[in-house]
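> this is the structure alone, sequence omitted:
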């Protein structure tokens with residue numbers, strides 16, 4: 001069954017593909033993303049979010065691809081501190097269509113699995129992938145368990161695999177831009193749910209990276225201590241922001 005028959009009119013989708021130093025996988029990801037979307041979307045675009053400091057030619061490769069295909073656009077994150085949350089925010093700011101498909105550029109997910117998300121989209125604001133089985137070493141899986149538990153405790157996010165970078169969601173349901181450098185998917189989902197967003201989880205195959213490497217982990221496979229501290233700080237700030245927003249909804253804007 002195609003996407004149009006499940007959602008009424010065919011979905012209009014902006015795909016966001018964040019990529020850092022993943023030139024070895026980018027052609028594969030782009031080709032399969034285009035194939036996946038053109039099969040059932042009424043309108044589509046693919047936004048490649050690259051970082052200016054990448055040293056493997058990823059920005060140049062993305063620019064070359066975009067020159068040849070009007071369905072592709074490139075957004076460049078300026079040189080300087082990296083943060084997945086900032087890349088995702090830039091992609092969201094550039095997106096033009098009602099639905100957003102998020103898929104990383106390192107090949108951990110096959111964009112041709114997009115119909116799994118599209119089939120789950122009717123009636124919800126977020127179809128969230130769950131890596132099953134998860135092709136990561138045990139330190140990364142353990143860190144993810146702790147991270148998901150903290151999101152559940154501090155932000156009330158009940159999803160099993162919040163950081164799975166394979167999602168389909170209504171752009172307007174997020175309610176604006178993302179503000180935090182590292183929280184990324186966690187912030188996106190927390191903001192969506194805080195606005196009453198409806199969600200559904202979908203199991204998707206997960207693979208080892210085709211290119212690139214994690215910027216978050218040390219040699220042991222666990223996140224860098226500095227990143228852990230930064231993420232915890234962002235979680236606490238986001239919790240305050242969301243609580244303040246809820247109070248303003250109940251009582252009206254704060255007077256200064």
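That came through, no problem. Quick caveat, the model's predicted, so the values are computed rather than measured.
> which helix in the chain runs the most residues?
helix 225-251 (DSSP state H).
> doesn't residue 201 belong to a helix?
No - according to DSSP: H, G, I helix; E, B strand; the rest coil, residue 201 belongs to no helix; its state is strand.
> coming back round to it: against which helices or strands is the longest helix of the chain packed?
helix 138-155, helix 185-194 (3 or more Cβ pairs under 8 Å, 6 or more residues apart in numbering; DSSP states H and E). Where C-beta positions appear, they are placed from N, C-alpha and C, glycine not excepted.
> least reliable of the ones you listed going by mean pLDDT?
Lowest mean pLDDT within the helices and strands packed on helix 225-251: helix 138-155, a mean of 91.
> and that helix, what does it pack against?
Counting contacts by 3+ Cβ pairs under 8 Å, 6+ apart, helix 138-155 packs against helix 185-194, helix 225-251.
> format those helices as a markdown table; extra columns: distance to residue 11 and mean neighbour count.
Shown next, in a markdown table, are the helices and strands packed on helix 138-155 (distance: least, Cβ to Cβ, whole Å; neighbours: other Cβ atoms under 10 Å):
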| stretch | distance to residue 11 | mean neighbour count |
| --- | --- | --- |
| helix 185-194 | 17 | 24 |
| helix 225-251 | 28 | 14 |
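> show me where the stretch 1-150 of the chain has its strands.
For the stretch 1-150 of the chain, the strands defined by DSSP state E, counting those that start in this stretch cover 12-18, 43-51, 72-77, 99-103, 126-131.
> tell me how far the longest one is from the chain's mean position?
In other words, strand 43-51. Relative to its parent chain, strand 43-51 has a centroid offset of 12 Å by Cα atoms, centre = their mean, to the nearest Å.
> now do stretch 73-92
Using Cα atoms, centre = their mean, the mean C-alpha position of stretch 73-92 is found 12 Å from that of the whole chain.
> and what of stretch 164-174?
Stretch 164-174 has its average C-alpha position 7 Å from the chain's average C-alpha position, going by Cα atoms, centre = their mean.
> ditto for stretch 24-39
16 Å.
> how deep is residue 195 tucked in, by neighbour count?
Using other Cβ atoms under 10 Å, residue 195 is surrounded by 16 other residues.
> then the one 3 residues further on?
Residue 198 sits with 12 neighbouring residues when counted by other Cβ under 10 Å.
> gap between the closest residue in space to residue 90 that isn't next to it in sequence and residue 157?
Leaving out its chain neighbours, the residue that sits closest to residue 90 by Cβ to Cβ, 6 or more residues apart in numbering is residue 75, at 5.0 Å. Computed as Cβ to Cβ, to the nearest Å, the residue 75 to residue 157 distance reads 26 Å.
> try residue 208
Per Cβ to Cβ, residue 208 is found 27 Å from residue 157.
> more neighbours: the two, which one.
Relative neighbour count places residue 157 above the other of residue 208 and residue 157, with 21 against 10, counting by other Cβ under 10 Å.
> just say helix, strand or coil for the more buried one.
Following three-state DSSP, the label given to residue 157 is coil.
> wait, isn't it in contact with residue 194?
No - at 9.5 Å, residue 157 and residue 194 do not qualify as touching, with contact defined as Cβ atoms under 8 Å.
> low pLDDT regions in this structure?
For the chain, the stretches with pLDDT under 70 are 1-9, 209-222, 249-250, 252-256.
> mind redoing it with 50?
Where the chain drops to pLDDT under 50, the residues are 1-8, 256.
> any idea which of the helices and strands packed on helix 225-251 gets closest to residue 24?
Of all the helices and strands packed on helix 225-251, helix 138-155 sits nearest to residue 24, with 20.6 Å by Cβ to Cβ.
> next, the buried residues of that closest one.
140, 143-144, 147-148, 150-151, 155 (16 or more other Cβ atoms under 10 Å).
> next helix or strand past that helix?
Per DSSP states H and E, the first helix or strand lying C-terminal to helix 138-155 is strand 166-170.
> angle of that next one against strand 126-131?
Angle, strand 166-170 to strand 126-131, by axes from the mean of the first three to the mean of the last three Cα atoms, to 10 degrees: 170 degrees.
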